[in-house]
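**Student:** model the following, please.
(chains A and B)
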Amino acid sequence: MDILQALLNGFGVALEPLNLLLVVLGCLVGTLIGVLPGIGPISGVALLVPLTFALKMPPESALILLAGIYYGAMYGGSTTSILLNIPGETSSVVTAIDGNKLAKQGKAGPALAMAAWGSFIAGTLSVVGLMTLGPLLAQWAIRFGPAEYFALMVFGFSTLSALAGKNLFKALIATGFGLMLATVGQDPQSGISRYTFGFLQLEDGMDFLVVAIGLFAVSEVLMLLEEKTPGAVRAQVGRIYLSFKDFMGSLFTILRSSVLGFLIGVLPGAGASIASFVAYTTEKRLLGDKARFGEGDLRGVAAPESANNAAAGGAMIPLLTLGLPGSGTTAIMLGALVSLGVTPGPQMFQQHPEVVWGLIASMYVGNAVLLLLNLPLVGLFVRLLAVPAWFLIPAVLAISFIGVYAVNNNPFDLLLMAVFGLVGYLMRKLEFPLAPVLLGLVLGYLMEINLRRAMTISNGDVGYLFSSPIAVGLWVLAGLSLLAPVLVARFRKQGLGGDEEL
Amino acid sequence: MTDRIVGILILLLALGYGLEASRMQVGFLSDPLGPRPFPYIIATLVGLSALWLIFKPDPNPTWPAPRFWPVLGLVLLSLVAYAYLVVPLGFILTTTLEMTLLSLLFGARWWQGLLGALAFTLAVYFLFTEGLGVTLPAGRIFG
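**Tutor:** Here you go, the predicted model:
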């Protein structure tokens, strides 16, 4: 009954006119970002955070907006995958396999409708999961001391590094680079300046937004400049409908993929992209000859699209209950919340119930909004692709300038943004994953402070870090997670092997 | 080969980072651990990973065509110039110029790029300053 009461209060928050407006706005912006190739959800969220600061939004409103963009992008990403074989987001890459075949067979309408319904069901189920599992995990984590938190962050970084890229060591370097950036500025405990090299502007540390916008948005612009993206494209949508028979045929795929995607989303590091991939491969193996995956099967659209939306919901669990973001996008949400005076973690369920339950309730609303937006309006969104690149991409950069400048009203940040733009471009070229940098930067401070608190408690005895069963368990999990790339590689191989057969 | 060079550069970064930590002056008013060990841990992690990269590099990446490098340099230079000029010249002028430059690089005709850039810059300038209360530099030279 507690949960129902809390949820009811949450709806009270979510249905306030401002928050209702922000859910719709977030879903709309998210869908746009999803549809437009080249602008990822991380850039989108990073570009809108300064707006929440400028408007002095309460933390729950800011989170409602940012989360709306995040799961909205999961909806929108499928559209271009299906219609044009151009995935709007990495989480919709697999959708293109069957989705685009369907579109070529003249079944774009059913495919788009299936993506929307699958996303809706999965999104709603994942909120139910978040609502029931979140408080339980928070209750358990409330006993965490500094040693457990330090071990938790080591675990978070090791899973992220293991899953983020192709090369574990490049991911580890990216994580370490982020942690290096986190140590820039005044040391909170001894008060001395570290790594500022005499720049007064660095005393307060690197701002995560400046780094995020440079690393993701600016480097995306540079990549697009290199690739010389083909100009505007037009696509035919047709009528969006889904027969009852098709829907029932895919229902179990949607349900299975939702559960799978949700569980993968909870894991730090394994985000929507991995979820969509694993769900597609699992369904393909499970259905075997009963399905025609790869030739244009609706279930090939339903599986990844359900999984990526469920993963977006699942990713909220570690963020809200442990304060441990599992992806670049949730890392920015964490940074934004901290800047707004709310530190996510187990205490948040008690100290800021309006933030947690307001967000949960808003996600129910948002999923319904997205279904309503997407079914009739897909055609309208697709027409946006006709906006030429020469206008769209410079416009994204102009918005980046505003976002970066608005953080501190300091042009020095624009300089930093340019530097990180180049760093991001080189990292993409050399296949270093970018998200770990952001996580390192956002979590580095907490990681160090917990390590130092633990050492203060134990008076310098390192054994204290391994003194509780929970801490030891987390250290073991952290070690095991470094083996995950082997598993992922096996999954990839099977998936690719399957493709070659077809 | 590229990865080897990158690995060496990262190794140097890690060494420099660790060395800088060792030179930090710590007063008496500190916790048992102090400000140095956490950077040491990071330097070790990055240094060891860089060594691995040097011994087991990935295949070379596909670098862009040689004529892209001047373009990239131009864009980066313009971003640096933007950072220095935005306060004296104001948001509207600098952003219009920057957007026009990029539009041209993305294949627009000069009048298309200029018009699109000016219209968009004016629109967002007034949306953010008047509508949303964000302060953007108006430009010192205009008084």
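**Student:** what's near enough to touch the residue nearest to A:P318 when sequence neighbours are not counted?
**Tutor:** Excluding the flanking residues, the one nearest A:P318 by CB to CB, 6 or more residues apart in numbering or on different chains is A:L324, at 4.6 Å. No exception for glycine: its C-beta is placed from N, CA and C like everyone else's. By CB atoms under 8 Å, 6 or more residues apart in numbering or on different chains, A:L324 lies in contact with A:152-153, A:156, A:268, A:318, A:443.
**Student:** where is pLDDT lowest across the residues you listed?
**Tutor:** Lowest pLDDT of the contacts of A:L324: A:P268, 75.
**Student:** helices or strands up against the helix or strand hosting A:T159?
**Tutor:** Under the criterion of DSSP states H and E, A:T159 resides in helix A:146-164. The elements that helix A:146-164 packs onto, with contact taken as 3 or more CB pairs under 8 Å, 6 or more residues apart in numbering or on different chains; DSSP states H and E, are helix A:168-182, helix A:435-458, helix A:469-481, helix A:484-501.
**Student:** centre of the chain to stretch A:379-390, how far?
**Tutor:** 24 Å (CA atoms, centre = their mean, to the nearest Å).
**Student:** buried residues, it. List them.
**Tutor:** Across stretch A:379-390, burial judged by 16 or more other CB atoms under 10 Å in any protein chain shown covers A:381-382, A:385, A:388-390.
**Student:** ok, those residues vs chain B, which is closest?
**Tutor:** Closest approach to chain B among the buried residues of stretch A:379-390 (CB to the nearest CB): A:W390, at 3.7 Å.
**Student:** surely that closest one meets B:M99?
**Tutor:** No. With contacts counted by CB atoms under 8 Å, A:W390 stays clear of B:M99, the gap being 9.7 Å.
**Student:** list residues touching both of those two?
**Tutor:** Joint contacts of A:W390 and B:M99 (CB under 8 Å, 6+ apart) are B:113, B:116.
**Student:** so how far is chain B from A:L439?
**Tutor:** Separation of A:L439 from chain B (CB to the nearest CB, to the nearest Å) stands at 14 Å.
**Student:** near the residue nearest to that residue when sequence neighbours are not counted, how many other residues are there?
**Tutor:** The shortest distance from A:L439 to any non-neighbouring residue, by CB to CB, 6+ apart, is to A:A331 (4.8 Å). A total of 29 residues lie near A:A331 under the criterion other CB atoms under 10 Å in any protein chain shown.
**Student:** on that earlier part again, out of the helices and strands packed on helix A:146-164, deepest packed?
**Tutor:** helix A:168-182 (a mean of 25; mean count of other CB atoms under 10 Å in any protein chain shown).
**Student:** using the three-state scheme, assign A:P110.
**Tutor:** Following DSSP: H, G, I helix; E, B strand; the rest coil, A:P110 is assigned to helix.
**Student:** OK, contacts around it?
**Tutor:** Here A:P110 is in contact with A:102, A:241-243, A:246, A:298 (CB under 8 Å, 6+ apart).
**Student:** lowest pLDDT pick from those?
**Tutor:** A:Y241 (76).
**Student:** just the pLDDT for A:A418.
**Tutor:** pLDDT, read off for A:A418, is 95.
**Student:** so what's it up against?
**Tutor:** Counted by CB under 8 Å, 6+ apart, A:A418 has contacts A:214, A:218, B:76, B:79-80, B:82-83.
**Student:** next: B:L53.
**Tutor:** So B:L53 contacts A:169-170, A:173, B:3-4, B:6-7, B:10 (CB under 8 Å, 6+ apart).
**Student:** and those, which is closest to A:G366?
**Tutor:** A:K170 (35.0 Å; CB to CB).
**Student:** contacting residues for that closest one?
**Tutor:** A:430-433, B:49, B:53, B:58.
**Student:** distance of it from A:A272?
**Tutor:** If you measure A:K170 against A:A272 using CB to CB, to the nearest Å, the figure is 21 Å.
**Student:** same question for A:P344.
**Tutor:** Counting by CB to CB - A:P344 and A:A272 are separated by 20 Å.
**Student:** please apply the same query to A:G341.
**Tutor:** Distance, A:G341 to A:A272, by CB to CB: 29 Å.
**Student:** and those two? Which one has more around it.
**Tutor:** Set A:G341 next to A:A272 and count neighbours by other CB under 10 Å: A:A272 wins out with 31 against 9.
**Student:** quick one: residues contacting that one.
**Tutor:** A:74, A:89-91, A:261, A:265, A:307-309, A:311-312, A:315, A:327.
**Student:** using a markdown table, lay out the residues you listed together with secondary structure.
**Tutor:** What follows is those, written out as a markdown table (three-state DSSP):
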| residue | secondary structure |
| --- | --- |
| A:M74 | helix |
| A:E89 | coil |
| A:T90 | helix |
| A:S91 | helix |
| A:G261 | helix |
| A:G265 | helix |
| A:A307 | helix |
| A:N308 | helix |
| A:N309 | helix |
| A:A311 | helix |
| A:A312 | helix |
| A:A315 | coil |
| A:S327 | coil |
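**Student:** highest neighbour count among those residues?
**Tutor:** Neighbour max across those (other CB under 10 Å) = A:A307, 40 neighbours.
**Student:** quick one, what contacts that residue?
**Tutor:** Counting by CB under 8 Å, 6+ apart, A:A307 has contacts A:122, A:257-258, A:260-261, A:264, A:272, A:275-276, A:278-280.
**Student:** got a ChimeraX select line for the buried ones in these?
**Tutor:** Command for ChimeraX, covering only those of the contacts of A:A307 found buried under the criterion 16+ other CB under 10 Å:
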select /A:122,257,258,260,261,264,272,275,276,278,279,280
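**Student:** how about stretch B:56-63 and chain A, any contact?
**Tutor:** Yes. Using CB under 8 Å from any CB of the partner chain, stretch B:56-63 reaches chain A at B:56, B:58, B:61, B:63.
**Student:** from those residues, which two are the most distant?
**Tutor:** Maximum pairwise distance among the residues of stretch B:56-63 next to chain A (CB to CB): 20.8 Å, between B:K56 and B:W63.
**Student:** what pLDDT does the model give the nearest residue to B:P88 once chain neighbours are set aside?
**Tutor:** Spatial nearest neighbour of B:P88, chain neighbours left out: B:R140 (4.8 Å); criterion: CB to CB, 6+ apart. pLDDT recorded at B:R140 is 78.
**Student:** cool, and A:S250?
**Tutor:** pLDDT, read off for A:S250, is 87.
**Student:** can you get me a residue count around A:G44?
**Tutor:** Neighbours around A:G44, by other CB under 10 Å: 27.
**Student:** got the domain ranges for chain B?
**Tutor:** Listed domain ranges for chain B are B:1-63, B:65-142 (source: the TED database).
**Student:** among the contacts of A:P110, which ones are in strands?
**Tutor:** Among the contacts of A:P110, no residue falls in strands (DSSP state E).
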